[in-house]
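1. Here is a sequence with its predicted model. Questions after.
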Amino acid sequence: TETFRAAGTGAWKTLTIPLACLKKSGAALSSVTAPLAIESAGPFGVSFDDIRITRQSGGSAACPPNT
């Protein structure tokens, strides 16, 4: 929620979520069947241009809030 609110309307943003953050939150990475799933308890609109799982070279990104 915080990440999407901070993005603002009509703005392009890049969000990097290290797999380690998902694992730390209890995700069973061996059970992943889709690169992205979003759920909302209320009205929500978003569009995506490119979604992918890639290996990041160099330093590691920080975990976004609520991951």
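-> Perfect, thanks for sending it. Numbering: from 1, shown residues only.
2. From I51, how far out is the residue most central in space within the chain?
-> Nearest to the mean C-alpha position of the chain, counting by C-alpha atoms, centre = their mean, stands I17 at 5.1 Å. As judged by C-beta to C-beta, to the nearest Å, I17 and I51 stand 11 Å apart. C-beta coordinates here come from the backbone N, C-alpha and C atoms, glycine included.
3. Equivalent analysis for L29, please.
-> L29 is 17 Å from I51, by C-beta to C-beta.
4. do P43 as well
-> 22 Å.
5. The two - which one has more neighbours?
-> I51 (9 against 5; other C-beta atoms under 10 Å).
6. Tell me if I'm right that the more buried one and P35 touch.
-> Yes: assessed by C-beta atoms under 8 Å, I51 is found in contact with P35 at 5.6 Å.
7. which residues are common contacts for these two?
-> By C-beta atoms under 8 Å, 6 or more residues apart in numbering, I51 and P35 have no common neighbours.
8. Check which helices and strands the helix or strand of the chain with the lowest mean pLDDT is in contact with.
-> One helix or strand of the chain scores below all others by mean pLDDT, DSSP states H and E: helix 2-7, with a mean of 79. Contact here means 3 or more C-beta pairs under 8 Å, 6 or more residues apart in numbering; DSSP states H and E; on that basis helix 2-7 packs against no helix or strand.
9. Great, nothing more from me.
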